[in-house]
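A.B. asks: Predicted model and sequence follow; I will ask about them next.
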Amino acid sequence: MFIEFSVGNYRSFKEQVTFSMVAANLVAQDKKLDENNVFEVDDDLKLLKSAAIYGANASGKSNLAKALSFMRWFMINSSKETQSTEKIGVERFKLSTETEAQPSFFEIVFLRTIPHTHKPM
């Protein structure tokens with residue numbers, strides 16, 4: 001189960017930013033909103049079933065999607081298409097000299113769930 005994705009020093013993201021599916025500790029006026037979009041993992045963790053990314057033009061929405069896409073591609077293909085000694089073709093943040101020699105950062109946090117098995121009676 002997807003919990004959050006973080007990226008830093010990539011395209012328009014100089015500092016690390018995180019997209020999180022953890023539900024805020026708020027209660028909607030319309031209880032149906034909470035019932036339909038919040039999944040309770042346990043007493044301490046509630047996750048959103050869906051989320052939207054919105055903002056002004058050039059605020060990073062597409063670059064967040066590209067970062068997730070790059071990480072997915074790299075996890076699937078890096079061992080097939082690149083050598084361990086090759087540099088990784090990642091687009092670092094270019095508007096600062098302090099980040100040009102720094103590595104980019106990508107992280108996904110998952111919660112492993114154990115599927116329920118039904119035993120025949």
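C.D. replies: Great, that's in hand. Numbering: from 1, shown residues only.
A.B. asks: pLDDT weak spots in the chain?
C.D. replies: Flagging of the chain using pLDDT under 70 yields the residue ranges 114-121.
A.B. asks: quick one: secondary structure of residue 18?
C.D. replies: When classified by DSSP: H, G, I helix; E, B strand; the rest coil, residue 18 comes out as strand.
A.B. asks: element containing the residue nearest to it when sequence neighbours are not counted, please.
C.D. replies: Distances taken as Cβ to Cβ, 6 or more residues apart in numbering put residue 6 closest to residue 18, at 4.3 Å, once the chain neighbours are dropped. (Each C-beta comes from the backbone N, C-alpha and C, glycine too.) Mapping residue 6 onto the secondary structure by DSSP states H and E places it in strand 2-8.
A.B. asks: Packing partners of that strand?
C.D. replies: Taking 3 or more Cβ pairs under 8 Å, 6 or more residues apart in numbering; DSSP states H and E as the contact definition, the neighbouring helices and strands of strand 2-8 are strand 17-20, helix 61-81, strand 105-110.
A.B. asks: May I see the buried residues of it?
C.D. replies: Neighbour counts over strand 2-8 (16 or more other Cβ atoms under 10 Å) mark 5-8 as buried.
A.B. asks: which of the residues you listed are the two that sit furthest away from each other?
C.D. replies: Between all members of those, the longest pairwise span (Cβ to Cβ) is found for 5 and 8 and amounts to 11.4 Å.
A.B. asks: circling back: and the strand holding residue 6, which strands flank it?
C.D. replies: In the sheet containing strand 2-8, its partner strands are strand 17-20 (antiparallel), strand 105-110 (antiparallel), by DSSP bridges.
A.B. asks: need those in CSV with distance to residue 65 and mean neighbour count, can you?
C.D. replies: Converted to CSV, the strands paired with strand 2-8 look like this (distance: least, Cβ to Cβ, whole Å; neighbours: other Cβ atoms under 10 Å):
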stretch, distance to residue 65, mean neighbour count
strand 17-20, 10, 15
strand 105-110, 13, 14
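A.B. asks: how about a markdown table for the buried residues of strand 2-8, with distance to residue 60 added?
C.D. replies: Written out in a markdown table, the entries for these read as follows (distance: Cβ to Cβ, whole Å):
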| residue | distance to residue 60 |
| --- | --- |
| 5 | 13 |
| 6 | 13 |
| 7 | 10 |
| 8 | 12 |
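A.B. asks: Good, we can wrap up now.
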